[in-house]
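J.: Any chance you could fold what I've pasted below:
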Amino acid sequence: MRNSLIICRKELAGFFNSPAAYIVLLVFALLTSWFFSNTFFLANQSDLRALFDIVPMVYLFFVPAITMSLIARENQSGTIEFITTLPISDHEIVLGKFLAGLSLIAFALSLTAVHAFTLIMVGDKVDTGALLSGYLGLMLVGAVYTAIGLFGSAVTDNQIAAFIVSIMIILTMFLLDKMLVLVPASIASVLQYLSVDYHLSNISKGVVDSRNLIYFGSVIAFFLLVSIRILEIRKWK
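T.: Reported below is the predicted structural model:
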């Protein structure tokens, strides 16, 4: 775990040393602020439902943008071969980079705390439980997308290709429950369960069901394990 934390700190330092990082975070903050303000001031609704609805869609581009270089950059420069020869296991490398990506998402979400504070100060009968569960859901979705983005970054040495692969997988999982009317009823329930948005909507309502937590944990574990396996294959080539 210590090695993973060292890798995490290294990735975070490298991210914030790049001006692109601040641009990505600024775009995230502006988009979420606009949708919150549009609902709060124009529609006169004192809740964060619009924010919780838009963040997963912003994630579609935001998360691949911050994860595309996590391993692909190492593959492209050849430093991944050097890293894998160090007394660091493959799972520590993957976990460290995953924690770095998740930390960036947590930081981005923290920028929206001002909206939650505004809502609590001026809103009537704010459901704190639903508010907290909504943020929990966004963090879990962010963790799933980070694991997918890490997988996309592991399968290629091209950052743009990693970005595209990540978006394709994330978009597919996001849209699964939107295509239920187009598939036979026999597999509709399976596709619905595999949909990220379906589980997020349950948690956002304030219902933290163990089935939803198992889903998120399983998907995260699956993509992290596949990423570890890819590193192992590259090492023995």
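J.: For Leu70, pull up the helix or strand it's in.
T.: Taking DSSP states H and E as the criterion, no element holds Leu70; it sits outside all helices and strands.
J.: Give me the distance between the helix or strand that contains Arg211 and the centre of its chain.
T.: Secondary structure from DSSP H and E places Arg211 in helix 210-236. Remark: helix 210-236 is offset 14 Å from the chain centroid, using CA atoms, centre = their mean, to the nearest Å.
J.: Then stretch 93-111?
T.: What separates the centre of stretch 93-111 from the centre of its chain is 8 Å, taken as CA atoms, centre = their mean.
J.: which ones are touching the closest residue in space to His199 that isn't next to it in sequence?
T.: Nearest residue to His199 in three dimensions, chain neighbours excluded: Asn212, at 4.4 Å (CB to CB, 6 or more residues apart in numbering). The C-beta positions use only the backbone N, C-alpha and C, and glycine is treated the same way. When contacts are counted by CB atoms under 8 Å, 6 or more residues apart in numbering, Asn212 is found next to His199, Asn202, Ile203.
J.: Wait, the last one touches Leu136, no?
T.: What that stands for is Ile203. Yes. Proximity of Ile203 to Leu136 meets the contact threshold set by CB atoms under 8 Å, at 6.2 Å.
J.: Phe35 is in contact with Arg49, isn't it?
T.: No. Counting by CB under 8 Å, Phe35 stays clear of Arg49, with 10.2 Å between them.
J.: Of those two, which one has the most company?
T.: Under the criterion of other CB atoms under 10 Å, the comparison of Phe35 against Arg49 puts Phe35 first, with 20 against 13.
J.: got the contact list for the host helix or strand of that one?
T.: With the criterion set as DSSP H and E, the secondary-structure element containing Phe35 is helix 19-37. Taking CB under 8 Å, 6+ apart as the criterion, the residues outside helix 19-37 that touch it are 15-16, 48, 50-51, 53-55, 58, 62, 65-66, 107-108, 111-112, 115.
J.: Return the distance of Gly96 relative to Arg2.
T.: Separation of Gly96 from Arg2 (CB to CB, to the nearest Å): 10 Å.
J.: Now Tyr135. Nearest residue, chain neighbours left out?
T.: Spatial nearest neighbour of Tyr135, excluding adjacent residues (CB to CB, 6+ apart): Leu109 at 6.6 Å.
J.: For that neighbour, list the residues it contacts.
T.: If you count contacts by CB under 8 Å, 6+ apart, Leu109 has them with Val55, Tyr135, Leu138, Met139, Gly142.
J.: packing partners for the helix or strand containing the first one?
T.: Secondary-structure element containing Val55, defined by DSSP H and E: helix 49-67. Secondary-structure packing of helix 49-67 (3 or more CB pairs under 8 Å, 6 or more residues apart in numbering; DSSP states H and E): helix 19-37, helix 90-110, helix 128-154, helix 159-175, helix 196-204.
J.: and the ones you listed, which is most packed in?
T.: Each of the helices and strands packed on helix 49-67 was assessed for mean neighbour count using mean count of other CB atoms under 10 Å. The highest is helix 128-154, with a mean of 23.
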